[in-house]
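**Student:** below: sequence and its predicted model.
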Amino acid sequence: MPKPKTRLPEVVEPMLETYPQLLLDALTYPWRRGGAFILVPGAFLALAFSISAYAPVVGLASMGIGACYFAAFYLQIVETTIAGQHRVPDWPSFSDFYDDLIRPGLQMAVVFVMSSLVFAAAVWLITSVVTFADDEAALKTLRGIAEVVFGAYVPMAVLGLVFHGHAGGAMPHRVIPAIFRCMPGYLIGMGGLTLISVLTNALHEVVLIIPLAGILLGWLLTICLMVMQARLTGTLGLRFARRIVP
């Protein structure tokens, strides 16, 4: 059974009025009200999934389960943020294997497939009208297109998924018009997501130098990055709800 359509918020909360507040909210969110007690076990879990991925046969299943599990957590953060909650939710349960794990994984797979198709369309359009001097220039262009397409499409596709309650909300005919309706504010939000990613990746390079513990800290930072991006995506959903689903 598809989920019912998410009720759109009537107002934007005072703490979410300005973009600096949005960014600060996302940066502090993982550690709010006991968040560390939720995220630290998640780092151990991610490490366990990464190690088990090297096992023959079982490793492939482990990778799939791990991807679905963290996809479910990501969507849960976006949903609880839009619902007005301000603390990190608990990790997904396994009470219903399909609804709690498989379904969110498949929904996020649709998001990334749609993003890839839009990227392919953008590449085809540009390469059909532009001639590149060499392969290096072409690769740089393709990388830039990928960063722009995925950076803009994925968060809005996730919001479309949450607001519509089904994977159809992540389709280009809904996502692309919603992106344009939310400009220029949505562009500022994408800048915030990029800044969070850059800062976290810089810290990631530093902690990996630490022997043994660096790997675990690296996974903790990766999870924090995911959580902060999900939180900021959810708060952008609060701000632009009426434009995303007019």
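**Tutor:** Nice, I can see it.

**Student:** in this protein, spot the helix with the most residues.
**Tutor:** Secondary structure of the chain per DSSP state H: the longest helix is helix 213-244.

**Student:** from the chain's centroid, how far away is that helix?
**Tutor:** 6 Å (Cα atoms, centre = their mean, to the nearest Å).

**Student:** pull out the buried positions in it.
**Tutor:** Residues 215-241, 243-244 are the ones in helix 213-244 that count as buried (16 or more other Cβ atoms under 10 Å). (Glycine included, C-beta is placed from N, CA and C.)

**Student:** okay, and for this structure, where does confidence drop off?
**Tutor:** 1-17, 53, 132-134, 207-208, 212 (pLDDT under 70).

**Student:** let's see 80
**Tutor:** 1-17, 33-37, 47, 49-60, 62, 94, 127-139, 141, 200-216, 246 (pLDDT under 80).

**Student:** where do the helices of the chain begin and end?
**Tutor:** Counting by DSSP H, the helices of the chain are 19-28, 35-52, 58-82, 97, 103-129, 135-164, 172-181, 185-207, 213-244.

**Student:** same list (those) but as CSV, adding distance to residue 90.
**Tutor:** Listed next are the helices of the chain as CSV, based on distance: least, Cβ to Cβ, whole Å:
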stretch, distance to residue 90
helix 19-28, 19
helix 35-52, 7
helix 58-82, 9
helix 97, 17
helix 103-129, 15
helix 135-164, 18
helix 172-181, 29
helix 185-207, 23
helix 213-244, 13
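
**Student:** tell me, how many residues neighbour the residue nearest to residue 88 when sequence neighbours are not counted?
**Tutor:** Once flanking residues are discounted, residue 88 sits nearest to residue 35: 4.1 Å by Cβ to Cβ, 6 or more residues apart in numbering. The tally of other residues near residue 35 (other Cβ atoms under 10 Å) stands at 17.

**Student:** can you check residue 89 too?
**Tutor:** 16.

**Student:** okay but it is in contact with residue 75, surely?
**Tutor:** No. Counting by Cβ atoms under 8 Å, residue 89 stays clear of residue 75, with 10.4 Å between them.

**Student:** tell me the contacts of the closest residue in space to residue 104 that isn't next to it in sequence?
**Tutor:** Sequence neighbours aside, residue 72 is the residue nearest to residue 104 in space, at 3.8 Å (criterion: Cβ to Cβ, 6+ apart). Neighbour list for residue 72: 92, 100, 101, 104, 105 [criterion: Cβ atoms under 8 Å, 6 or more residues apart in numbering].

**Student:** export those residues as TSV, with columns for neighbour count and distance to residue 122.
**Tutor:** Converted to TSV, the contacts of residue 72 look like this (neighbours: other Cβ atoms under 10 Å; distance: Cβ to Cβ, whole Å):
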residue	neighbour count	distance to residue 122
92	19	33
100	16	35
101	20	32
104	23	27
105	19	26
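
**Student:** among the residues you listed, which one sits closest to residue 82?
**Tutor:** residue 104 (15.3 Å; Cβ to Cβ).

**Student:** distance check, the closest one against residue 27.
**Tutor:** Distance, residue 104 to residue 27, by Cβ to Cβ, to the nearest Å: 25 Å.

**Student:** what's the answer for residue 47, then?
**Tutor:** 24 Å.

**Student:** the more surrounded of these two?
**Tutor:** residue 27 (18 against 15).

**Student:** next, the contact list for the closest residue to that one other than its chain neighbours, please.
**Tutor:** Leaving aside its sequence neighbours, residue 27 sits nearest to residue 228 (Cβ to Cβ, 6+ apart; 6.2 Å). In this structure, residue 228 makes contact with 26, 27, 29, 30, 196, 200, judged by Cβ under 8 Å, 6+ apart.

**Student:** rerun at 7 Å
**Tutor:** Neighbour list for residue 228: 26, 27, 29, 30, 196 [criterion: Cβ atoms under 7 Å, 6 or more residues apart in numbering].

**Student:** okay then, goodbye and thanks.
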